[in-house]
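K.L.:
build the 3D model from these lines:
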Amino acid sequence: MAATDSLSDYFGFDRHGTDLRTEVLAGLTTFLTMSYIVVVNPSILVGIEGEKPGIIVPGLSYGETVQAVAVVTIIAAFVATVIMALYANRPFAQAPGLGLNAFFAFTVVGALGVAWQTALAAVVVEGVIFILLTVAGARRYIIEAFPEPVKFAVGAGIGAFLAIIGLEEMRVVVADPATYVTLGAVASDPVAILSVVGLFFTFALYARGIRGSILLGVLATTVAGYAVAASGLVGPEAAEALRGNLGAGANYDITPLAGAFLGGLGSIEAFSFALVVFTFFFVDFFDTAGTLTGVSQAGGFLDENGDLPEIEKPLMADAVGTTVGGILGTSTVTTYIESATGVEEGGRTGMTALVVALLFLAALALVPLAAAIPLYASHIALVVVAVIMLRNLVDVDWDDVTHAIPAGMTVLIMPFTFNIGYGIAAGIISYPIVKAATGEGRDVSMAQWGLALAFVVYFVVRTGGFLSGNV
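P.N.:
As a prediction, the model looks like this:
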C-alpha cells in the first residue's frame, strides 16, 4: 500500500484521474503494440556481406550481430522511455524509429557508401544538437523554419520508402531490366507466398484491433516458414530461405558496437555528413513533435491553444535517447505513435511509460530469438507501418498548388531515389519557388529561402563531380 501511495503521489494519479491498475494495463498495451521493434530494428540495421547494407562487425556472425543490435535496441528504448516516465511524466514510449533505421542502413551505408561507424556518429551529433536546441527552447523557431506541406508529407514519403524495402525482402517486388521493378513469383516462390499470406494475416489482425497485431503477424509467419521448411514440401534452397538463424546461440556482448561512433568521426566529408545529420534531425524532431501532439490530443493533454504544456521535457527524453542509442550502436530514437493505444486504455502519467520501459528490459531474455526471425517475416512490419503512415497525406492541402507541389515532390523523391534526405530537400527547394511563382513569395521566410539555397548548393556539389570520396 505504501508503495502504491508513493507511486500515486509521484506521478499524480489523482490529479490525472487514473490509478495504478489502469496505468499498468495501459503500459502493457503500448508495449505489445510496439514490441515488434525489438526484432525488426536489428533485421534492418544489420548488414549481410555482399547482399544487404548495414552494420557488419568483423568477427561476428550475422546472428550474433543481430542479437547485439537487439540488446542495444532494448537499452536505448529503456533509457529514453524511463526519462519520459520519470522526468516528463508522460505516457509516451520511445524506441529506435522505423524509417530512419532504413535510411541509416540502405541510404547512408548502402547508397552513399558511408561506414556504419560514421553513420552512428551522425546519429550522436544529431542527438546532441537536439539536446542543445531543446535546452535553448528553440522548438518554435525550428518549426517555423520548415514548410508546412513538407512536414505533412514526410511521414507518407518514409512509408513509401519502407514499403519498397519490405516488399523487396518479401520477394513480392523484384528487379526487372525492362521496367526496373515488377511483381515477384508470388504464386511459386515459397518465400513470396508465405510473405503475402503473412502480410494479409497481419492486416486482418490489425483491422480487428488486436493488440500486438504486427508482432503476432511476424511471429506467425516465422512459425509457418519453419513448418514449411521442415515438412519437405520445398527443396533445400527454399527451406534454407524460409528459416532464420535458430540456434545461433546467445550474444549479449555489445562492446563491438558501443563507442564505435568515435571511430566514425575520423572520416567525415562535410557536405554529405551535414545532410545525413540534417535528415536524422529533421525526421526525428518533426516525427516526435507530431506524435506528441497527436497522442496528447487523444489523451486530452493539450491546452486551449492546442499546445502540449512543457513539451520540452518529452523532447528532451527523445534527444537523450537518440544520443545514448547512437553511442551504444543503434539509429535514431523517436516517440512511437503506438503510445496512443495505451492512452486509449486510460494511461495518463509517466507510470504508463515506466511499465513499457520495464517490459523492454524484461525482453532482454528473448534476445536469442531475434536472429531466429527470417528477414521476409520481420519486413512484414515495414509494409504494415508504411500503409499506416500514408494517412498523413490527409493533412496536406492538395487544392493549394503551393502545398501540393512540395508535398508531392517530398513523397515521390524519397522512394525513387532511395533517400529520405533527398525527398525532404526536394520539398524544401520547391516550396519557395512555387510560392514566388504564384505571387506569394512574401509568405516565405528568409530561413526557408536559406534552406532551399543550401540544398541547391549541396546537390550541385554532390552530383557535380566536386566530391572525390564518400563521407
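K.L.:
Thr81 is in contact with Ala93, correct?
P.N.:
Yes - using C-beta atoms under 8 Å, Ala93 is in contact with Thr81, at 5.2 Å. Using the backbone N, CA and C atoms, a C-beta is placed for each residue, glycine as well.
K.L.:
between those two, which contacts overlap?
P.N.:
Contact criterion C-beta atoms under 8 Å, 6 or more residues apart in numbering; residues shared by Ala93 and Thr81: Ala353, Val356, Ala357.
K.L.:
need the next SSE after the worst-scoring helix or strand of the chain on mean pLDDT, C-terminal direction.
P.N.:
Least confident element among the helices and strands of the chain, by mean pLDDT, DSSP states H and E: helix 139-145 (a mean of 78). Downstream of helix 139-145, the next assigned helix or strand under DSSP states H and E is helix 148-169.
K.L.:
next, the buried residues of the helix or strand just after that next one.
P.N.:
Of the helices and strands lying after helix 148-169 in sequence (DSSP H and E), the nearest is strand 173-176. Within strand 173-176, the residues scored as buried using 16 or more other C-beta atoms under 10 Å are Val173.
K.L.:
which ones are touching the nearest residue to Val123 once chain neighbours are set aside?
P.N.:
What sits nearest to Val123 in space, not counting adjacent residues and going by C-beta to C-beta, 6 or more residues apart in numbering, is Gly326, at 3.4 Å. Applying C-beta under 8 Å, 6+ apart to Gly326 gives the contacts Leu120, Ala121, Val123, Val124, Glu126, Gly127, Phe261, Thr332.
K.L.:
secondary structure and pLDDT added to these, as a markdown table?
P.N.:
Converted to a markdown table, the contacts of Gly326 look like this (DSSP: H, G, I helix; E, B strand; the rest coil; pLDDT from 0 to 100):
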| residue | secondary structure | pLDDT |
| --- | --- | --- |
| Leu120 | helix | 97 |
| Ala121 | helix | 96 |
| Val123 | helix | 97 |
| Val124 | helix | 97 |
| Glu126 | helix | 96 |
| Gly127 | helix | 96 |
| Phe261 | helix | 95 |
| Thr332 | coil | 95 |
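K.L.:
and these as a markdown table, adding distance to Gly113 and neighbour count?
P.N.:
Formatted as a markdown table, the contacts of Gly326 follow (distance: C-beta to C-beta, whole Å; neighbours: other C-beta atoms under 10 Å):
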| residue | distance to Gly113 | neighbour count |
| --- | --- | --- |
| Leu120 | 15 | 28 |
| Ala121 | 15 | 27 |
| Val123 | 17 | 30 |
| Val124 | 20 | 22 |
| Glu126 | 20 | 26 |
| Gly127 | 23 | 26 |
| Phe261 | 18 | 22 |
| Thr332 | 20 | 30 |
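K.L.:
which of these lies closest to Phe285?
P.N.:
Among the contacts of Gly326, Glu126 lies closest to Phe285 (C-beta to C-beta), at 9.1 Å.
K.L.:
please report how far that closest one lies from Ala119.
P.N.:
Relative to Ala119, Glu126 is positioned 11 Å away (C-beta to C-beta, to the nearest Å).
K.L.:
sorry, back to before: tell me which of the shared contacts of Ala93 and Thr81 fall in helices.
P.N.:
In this view, these that belong to helices under DSSP state H are Ala353, Val356, Ala357.
K.L.:
by neighbours, which of the residues you listed wins?
P.N.:
When neighbours are counted by other C-beta atoms under 10 Å, Val356 leads these with 35 neighbours.
K.L.:
now the strands for the stretch 251-400 of the chain?
P.N.:
Along the stretch 251-400 of the chain, counting by DSSP state E, counting those that start in this stretch, strands occupy 333-335.
K.L.:
from the shared contacts of Ala93 and Thr81, pick the one nearest Ala238.
P.N.:
Val356 (38.5 Å).
K.L.:
which residues touch the residue lying closest to the closest one once chain neighbours are set aside?
P.N.:
Closest residue to Val356 apart from its sequence neighbours, by C-beta to C-beta, 6+ apart: Ala93 at 4.2 Å. Contact analysis of Ala93 by C-beta under 8 Å, 6+ apart lists 30-31, 34, 77, 81, 84, 335-336, 338-339, 342, 352-353, 356-357.
K.L.:
so which bits of the helix or strand hosting Leu194 are buried?
P.N.:
Element membership for Leu194 (DSSP H and E) is helix 190-207. Across helix 190-207, burial judged by 16+ other C-beta under 10 Å covers 190-196, 198-199, 201-203, 205-206.
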